[in-house]
Structure formats: C-alpha cells, structure tokens
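A.B. asks: curious how this folds, go ahead:
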Amino acid sequence: MLRLLAVVLTALLTAAALPGAALGANPDVNVDLGGAGDQFVVKGAIKLQPGERAGTLVTIDGPITVPRGAVVRDDVLAVDGTVRIAGTVRGDVVTIGGRAILEPTAVVGGGVSWVSERPQVAPGARVADGVEKVDADIDSAVPFLASVWWWVAVSLSTLALGLLLLWLGPRAADAVSRQMRTGWGPAIGVGFVLALLLPFVAVLAIATLVGVPFGVGLLLALLPLAALGYVTSAWVLGRLLIGEPRNRALAFLAGWAILRGVAALPVIGVLGFVVASVFGLGALAWSSWRARTIAGGPEAPVAPAI
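C.D. replies: Sure, this is the predicted structure:
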C-alpha cells in the first residue's frame, strides 16, 4: 500500500505538470514506471488482451480492463476510472474516484481498496485479502502535500535562478569556484558575519524611525540574498565534483541535486538550506573582495618623461 501511495503522488504530480494542450492533441500519454510490463496512462484507457501479462497498471482519468486469461503481476490503480477484472491480479486493486467491477472469473491475490464507490464483486470472484474502504483523512494530508509543493516550488525556483545566473555570468561563476579551491574558511567566516550583521543592521535602522524604509528594504532583501547564496553553494559543490573544463550547467545540476536531496529530509533540510545560503553568500562576498583587491593592487612604475 505504501508503494501504491507513492505511485499515486507521482501520478498526480505528473498529471498536473502535463500541459493541457498537449493532452488535448494526444489524449493517451503512456509513461514507463520502470518495470517490465508496467503501464501508466494519463487521460486514457488500459485494455489488456486475453493471455497478456503486465506489471503495475495505473490510469488517471481512464478505465482499466483485465479480461479473462490476462495476468497482472503487481498492482492495479485507477484515479477517476473504472477497473473491470475478469482475469488475474496478483497484487492489490485500488480505485480512487471510480469503481472496481470483479466478474465471476476474477482472481485478486491481494486486496481491493476503494475510496468513493464500493466495488461490485460477482459470485465466484476471489479476493485473498478482502474488500475494504480507505478513509481519506484530508486534514492530515494537507500539511504533507503543502510541504511537497513547497519543496517542488523551491527546487524549480532555485534551478531556474542558478541556470540564469550561470548563463549571465559564467566567468564570475568560474572566479568564485576557483577562489573556493584555495580554502573555504574565509567564505564561512564572512558568511557567518553577514548572516548576523544584515538582520541586526535592518532592525537597528527600523528602530531609529528615520531609517525605516532602509531597514524594511534590507529585511525584504534577505530572502533573495539567501536564494543567491543557496545557488552559489550548489555551484561550488557541483564544480568540486565536476571540475573544469567540463560543462558548467552539468556541474551546477550535480550540486543542486545534492542540496535538494538534503532539503527533502525533515529538520535537516531546513538546516541545510541555512548553511548553504550562509556559505554561498560568504563565498560571493569573499570572492568579490579578493577580485577588487587584486584589481586595485600597486601599479607598475611609470618611466619618467625625458
């Protein structure tokens, strides 16, 4: 059941991400779930043939038909679709917003679970683990779904921001990664100081009343600065794994994927975001200061005019 719930979440996210125009042009969208014989159809039907063998079957807004003689090795899931079984399903059958219809020759090795419409089980049909209603506790699911959507939103936003900055300033990105190869200590120290100093300055400015606009503006700028530091950390980490002169975008994606994987962990994800933002902001500030120091070094002496 836990595996089926993961499939449901993946199915719903995929369905939400598919453009409506594309679905209108091609109503049957098939996706390979990864196993041999698995079928995942968005806005379309799955109809097996007698004697056919399949893996996991999943539909969103479409029916599933398993005729007599057909065998499904794993589970069957229908979201807003009817499931008609006359053959064999060795796993579970789950319907959400639809009905399961088991004909007399149907054999289900697991159980039949339903959310809104009670299954029709004909005399002679065999269900090993019985038929049960799944109580969907929406209130308890809201925090989980909200956290998933927040993770997706932050992931897409940071991905777009990092690739955009990398496209706009590839040489600046290279300068930061090269500077970090000499040591991360100064970047960590500078980032820690900035993380404490900027909020303090903003609150102090607001307390003076005269500096309220500046303080409010600085507080509002902390979130974009944190995002900037986060994608910088992803770039530095990715470049550490995939060194020059290999593709910049590939290096950023490697670091970004690691950080977003950490972000999916409870508690640790929040801590990882803070640490990455602080370090990235410090890396940017330290690299900029070093670049200005080198550029503003002593000039070569000019020969006196004769």
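
A.B. asks: against residue 87, how distant is residue 114?
C.D. replies: Distance of residue 114 to residue 87, given as CB to CB, to the nearest Å: 19 Å. Where C-beta positions appear, they are placed from N, C-alpha and C, glycine not excepted.

A.B. asks: typo on my end, it should be residue 177
C.D. replies: Counting by CB to CB, the gap from residue 177 to residue 87 is 58 Å.

A.B. asks: check residue 240 too.
C.D. replies: Distance from residue 240 to residue 87, by CB to CB: 54 Å.

A.B. asks: residue boundaries of the helices in the protein?
C.D. replies: For the chain, applying DSSP state H gives helices covering 2-17, 20-25, 138-168, 170-180, 185-207, 212-241, 248-263, 268-295.

A.B. asks: what's the least confident stretch among the ones you listed?
C.D. replies: For those, the weakest mean pLDDT is recorded on helix 20-25, namely a mean of 37.

A.B. asks: thinking again about what came up before, so between residue 114 and residue 87, which is more surrounded?
C.D. replies: Between residue 114 and residue 87, counted using other CB atoms under 10 Å, residue 87 has the larger neighbour count: 23 against 20.

A.B. asks: I'd say the more buried one and residue 65 touch.
C.D. replies: No - between residue 87 and residue 65 there is no contact under CB atoms under 8 Å: 9.2 Å.

A.B. asks: hey, what's in contact with both of these two?
C.D. replies: Shared contacts of residue 87 and residue 65 (CB atoms under 8 Å, 6 or more residues apart in numbering): residue 48.

A.B. asks: please name the bridge partners of residue 41.
C.D. replies: For residue 41, the beta-bridge partners are residue 30, residue 59 (DSSP bridges).

A.B. asks: run a quick neighbour tally on it.
C.D. replies: Residue 41 has 23 neighbouring residues, counting by other CB under 10 Å.

A.B. asks: isn't it right next to residue 61, touching?
C.D. replies: No - in this structure, residue 41 is not within contact of residue 61 by CB under 8 Å, at 9.0 Å.

A.B. asks: residue nearest the middle of the protein, spatially speaking?
C.D. replies: With distances taken as CA atoms, centre = their mean, the residue of the chain nearest its centroid is residue 152 (4.3 Å).

A.B. asks: of the helices of the chain, which is nearest residue 54?
C.D. replies: Nearest to residue 54, of all these, is helix 2-17, at 14.6 Å by CB to CB.

A.B. asks: spit out the contact partners of residue 130.
C.D. replies: Applying CB under 8 Å, 6+ apart, the residues near residue 130 are 111, 112.

A.B. asks: with distance to residue 107 as extra columns, can I get the helices of the chain in CSV?
C.D. replies: Putting the helices of the chain into CSV (distance: least, CB to CB, whole Å) gives the following:
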stretch, distance to residue 107
helix 2-17, 19
helix 20-25, 34
helix 138-168, 32
helix 170-180, 60
helix 185-207, 62
helix 212-241, 50
helix 248-263, 41
helix 268-295, 44
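
A.B. asks: out of the ones you listed, nearest to residue 121?
C.D. replies: helix 2-17 (19.7 Å).

A.B. asks: would you map out the domains in this protein?
C.D. replies: Taking automatic domain parsing as the reference, the chain has its domains at 2-136, 140-294.

A.B. asks: for the shortest one, what is the distance to the chain centroid?
C.D. replies: Offset of domain 2-136 from its chain centre (CA atoms, centre = their mean, to the nearest Å): 25 Å.

A.B. asks: can you give me every residue that contacts residue 287?
C.D. replies: Residue 287 is in contact with 175, 176, 179, 180, 187, counting by CB under 8 Å, 6+ apart.

A.B. asks: ok, the residue lying closest to the second one once chain neighbours are set aside to residue 278 distance?
C.D. replies: Distance criterion CB to CB, 6 or more residues apart in numbering; nearest residue to residue 176, sequence neighbours excluded, is residue 287 at 4.5 Å. Spatial separation of residue 287 from residue 278 under the definition CB to CB is 15 Å.

A.B. asks: what do you get for residue 80?
C.D. replies: Note on residue 80: its distance to residue 278, by CB to CB, is 46 Å.

A.B. asks: tell me which of these two has more neighbours.
C.D. replies: Using other CB under 10 Å, the more surrounded residue of residue 80 and residue 278 is residue 278, with 23 against 15.
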